[in-house]
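S.K.: when you get a sec, could you give me coordinates for this:
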Amino acid sequence: MDWREKLHMMTRMEDEDESRQWHAVYVLSGNEEPVREKIEYALGGYGVRAVVPKRRIMERKEGKWHERIRTLFPGYILLQGKIDVPEYYILKTVPGLVRILRDDCQLYRIL
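M.R.: Presented below is the predicted three-dimensional model:
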C-alpha cells in the first residue's frame, strides 16, 4: 500500500459521522506540540484527536544540506471529533489557546 492509498483510507468518509468533524485551533506560534499534548490529556476520554501537521524538508546551512521536520501550519492545531459545550469549556482551560474555528465557519473565542 503506497501513501496515496493510505491517505485515501484515512480520509474517506463512508457516512457523515459527527465524530469526523474537523476544527482548527489557533495557538501561539512555536507552542503547537506542548498545547497538543495538553489538549490530548484534557480531551482524551471524549474521542477528540489533536494533530499538528508536519512536513519533512531539506535545508541548506553553512553549505551542507540537513533534513528538517517543520510544522506545516505554524500556529494551528487540528482537532478531529465532536466538540460540544462540555468539550468547549474544557478547551477553554487549556493554556496557550487563542480560539477555535469550526469546520462550518462558526467562530468561538476562548480568550
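S.K.: switch to C-alpha atoms for all contacts and neighbour counts from now on
M.R.: OK.
S.K.: please identify the residue most distant from the middle of this protein.
M.R.: What lies farthest from the middle of the chain is Gly63; by Cα atoms, centre = their mean that is 34.2 Å.
S.K.: show me the helices in this protein, by range?
M.R.: Secondary structure of the chain (DSSP state H): helices at 3-11, 32-43, 85-92.
S.K.: out of those, which gets nearest to Arg70?
M.R.: helix 32-43 (11.3 Å; Cα to Cα).
S.K.: tilt between the closest one and helix 85-92?
M.R.: For helix 32-43 against helix 85-92, the angle by axes from the mean of the first three to the mean of the last three Cα atoms, to 10 degrees is 140 degrees.
S.K.: against which helices or strands is helix 32-43 packed?
M.R.: With contacts taken as 3 or more Cα pairs under 8 Å, 6 or more residues apart in numbering; DSSP states H and E, helix 32-43 sits against strand 49-51, strand 76-80, helix 85-92.
S.K.: before we move on, back to that, for the helices of the chain, give me a markdown table that also has mean neighbour count.
M.R.: A markdown table is the format used below for those (neighbours: other Cα atoms under 10 Å):
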| stretch | mean neighbour count |
| --- | --- |
| helix 3-11 | 10 |
| helix 32-43 | 17 |
| helix 85-92 | 14 |
